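Trainee: No letters, just coordinates:
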C-alpha cells in the first residue's frame, strides 16, 4: 500500500471525489462540497465485498469506478491542516485489500476543474467483478450482508442520495427497481 500512497500538495487544501458511500458518509473533515463529474470513468457494482457488504461465504458487491463513460458525484475540499490524517483515514477505509488504484483525476465542477483524489477499481485484482452478468449482480446485491449492513441498503442509500442532489444514475435506479421486485 505504501507504493500506492499519493503525495499531497504541500500546505494546500485538496479534493476527494466521492461516488458511493463517501457521498453520504465521508467520515473526514471538509470545508466545501461541490457536485462534480469525472469523465472516462463510470460508477458500477464491480467489486466483490467480503467484509463491509458481504462475507467470504456470501459475498456482496460494492461500487467501483470503472473505465468508460462519466460519473457524477461529490468533490470534498479537505483543509491542508487535516491532509495527512484524512489520507490515512481514506487508505484505511478504501484500501484494505488494495482493490482500488488511487490517483489524481480532473473533477469538473460548476466553479471549475479541481484535481481530486479518486479511487479507481483495479481490474487485475481478484475482487474485480466486472464480468458478472446483470442477473448475477442483482442476486449478489440481494444476498450481500456485512459489517456495514446489507448490500441492498448500500444501493438504496446511493440512489437516494443522488436523487436528493438532483442527479440521476439510471443503471443504479434499474438495479434498485429489480432488487425490490425480486425481494418482494
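Mentor: Looks like it arrived, so ask away. Owing to the predicted nature of the structure, the values given are computational and were not obtained by experimental measurement.
Trainee: residues in contact with the residue nearest the centre of the chain?
Mentor: A centroid search over the chain (CA atoms, centre = their mean) returns residue 20, at 3.9 Å, as the residue closest to the centre. Applying CB atoms under 8 Å, 6 or more residues apart in numbering, we find residue 20 in contact with 43, 62-63, 73, 154, 158. Bear in mind the C-beta positions are built from the backbone N, C-alpha and C, glycine included.
Trainee: Among these, find me the one that's closest to residue 8.
Mentor: For those, the minimum distance to residue 8 (CB to CB) is 20.5 Å, reached by residue 73.
Trainee: For residue 159, what is the enclosing helix or strand?
Mentor: helix 151-164 (DSSP states H and E).
Trainee: Helices of the chain, residue ranges please.
Mentor: Counting by DSSP state H, the chain forms helices over residues 21-24, 83-94, 134-143, 151-164, 170-183, given from the N-terminal end onward.
Trainee: so what does the helix holding residue 159 touch, helix or strand wise?
Mentor: Applying 3 or more CB pairs under 8 Å, 6 or more residues apart in numbering; DSSP states H and E, we find helix 151-164 packed against helix 21-24, strand 60-78, helix 134-143, helix 170-183.
Trainee: Please work out which of the ones you listed is packed deepest.
Mentor: Comparing the helices and strands packed on helix 151-164 on average neighbours per residue, with mean count of other CB atoms under 10 Å, the densest one is strand 60-78 at a mean of 21.
Trainee: For residue 117, which of the helices of the chain is the nearest?
Mentor: Closest among the helices of the chain, using CB to CB: helix 83-94, at 7.0 Å.
Trainee: and the angle for the closest one with strand 60-78?
Mentor: Here helix 83-94 runs at an angle of 170 degrees relative to strand 60-78 (axes from the mean of the first three to the mean of the last three CA atoms, to 10 degrees).
Trainee: which outside residues touch helix 83-94?
Mentor: Residues contacting helix 83-94 (CB under 8 Å, 6+ apart): 1, 5-6, 8, 14, 16, 27-29, 78, 100, 102, 117, 119.
Trainee: Extract the residue ranges of this protein that are flagged as low pLDDT.
Mentor: When residues are selected by pLDDT under 70, those of the chain lie in 1-3.
Trainee: Having no further points to raise, I will conclude here.
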